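**Student:** A structural model of the following input is requested.
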Amino acid sequence: MGMTNRLRELRLREGMTQKETGERFGISRNTVSRIERGEYSPTVSLAVRMAKGFSVTVEEMFCCENN
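**Tutor:** All right, here's what the predicted structure looks like:
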């Protein structure tokens, strides 16, 4: 089961770069990029912080794909 996310969409909606997003959540720009590409799944605590930071639920930000 894969995971998709709306990080890029939410980040762009706020007019933020990957670097700014990383600084906001205490992660590297590279980690932001890897999350957006689906190459890295954030920890639960990071997922919750990011969802709260973008004023969405974790379920709205991250969803699982049935493969």
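**Student:** residue ranges for the helices of the chain, please.
**Tutor:** 7-13, 18-25, 29-36, 44-53, 58-61 (DSSP state H).
**Student:** Now do the second one and helix 29-36, the angle between them.
**Tutor:** Pointing back at helix 18-25 there. 100 degrees (axes from the mean of the first three to the mean of the last three Cα atoms, to 10 degrees).
**Student:** Same list (the helices of the chain) but as a markdown table, adding mean pLDDT and mean neighbour count.
**Tutor:** C-beta: built from backbone N, CA, C; applies to glycine. As requested, the helices of the chain are exported to a markdown table (pLDDT from 0 to 100; neighbours: other Cβ atoms under 10 Å):
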| stretch | mean pLDDT | mean neighbour count |
| --- | --- | --- |
| helix 7-13 | 96 | 15 |
| helix 18-25 | 98 | 17 |
| helix 29-36 | 96 | 18 |
| helix 44-53 | 96 | 15 |
| helix 58-61 | 92 | 14 |
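**Student:** Thought Leu10 was touching Phe54, still the case?
**Tutor:** Yes - at 4.4 Å, Phe54 and Leu10 qualify as touching, with contact defined as Cβ atoms under 8 Å.
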